[in-house]
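> Build me a model from this:
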Amino acid sequence: MGTWIVVVVVILVVGWLVLTYNGLVTARNRTQEAWSEIDVELKRRHDLIPNLVNTVQGYMGHERGTLEAVTNARAAAVSAGASGDPAKIGQAENMLSQSLRSLFAVSENYPDLKAIAAFTNLQETLTATEDKIEFSRRFYNGNVRDYNIKLQTLPTSFIAGVLGFKPFGFFQADEADRAVPQVNFGPTAASGPPTLGSSGPPPDSGSSGPPTQS
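Predicted structure coming up:
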């Protein structure tokens, strides 16, 4: 009788371990898949920016600082993407959003530029990309929340680390992004673009891969 009890207990423990492990793997894969959607949209935005700068520089020759800020912010965002760290990527992408806001705000002073179809198409595409990034950000953060809760909940927390599961970091927006998620602005007084290091041609963008688990 005692032997059967031991066998049943072992079977239950093994079954629980299998179910727990499979559940964690599923949650982790969903989180990584959600991040890949962000990665696609960020790469799309990085690829659009050189065309945007080339389009506007002939009309905004006196706004060199604004154009350099966008170029430098784009380079910093691409560099941060290679780290796979959502915190670093989020900070760099927020700076890029701010520089784009400044650029589009300044563009309101150039009617000839606003009449160029290539510019308006890029502006609309970037605005749509911003919306997709925000949607993907919320979806990813929701998956991170659910996955991290699994890791922190008893009794799963006792074995998650042993099985190699680590929490993911959130991909946060800054306060300005929460207040105004669009990059398509009307005429406003720009406070000035951020400074992000030395100027230079933007590097080729690439996929940053899944985020680093902290």
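> helices and strands around the longest helix along the chain, which ones?
Longest helix in the chain by number of residues (criterion: DSSP state H): helix 2-56. Helices and strands touching helix 2-56, by 3 or more Cβ pairs under 8 Å, 6 or more residues apart in numbering; DSSP states H and E, are helix 64-81, helix 86-107, helix 117-152, helix 156-160. Yep, even glycine has a C-beta here, placed from its N, CA and C like the rest.
> closest one to L19 among those?
helix 156-160 (10.3 Å; Cβ to Cβ).
> Show the average pLDDT along the closest one.
Summarised as a single mean, pLDDT over helix 156-160 is 92.
> coming back round to it: which among the helices and strands packed on helix 2-56 is found nearest to V14?
Checking the helices and strands packed on helix 2-56 against V14 by Cβ to Cβ gives helix 156-160 as the closest, at 12.4 Å.
> How far does the closest one sit from its chain's centre?
Its chain's C-alpha centre and that of helix 156-160 lie 29 Å apart, by Cα atoms, centre = their mean, to the nearest Å.
> Give me the contacts around it.
Helix 156-160 has contacts (Cβ atoms under 8 Å, 6 or more residues apart in numbering) with L17, T20, L24, K150, L151.
> Buried residues in it, which are they?
Across helix 156-160, burial judged by 16 or more other Cβ atoms under 10 Å covers T156, A160.
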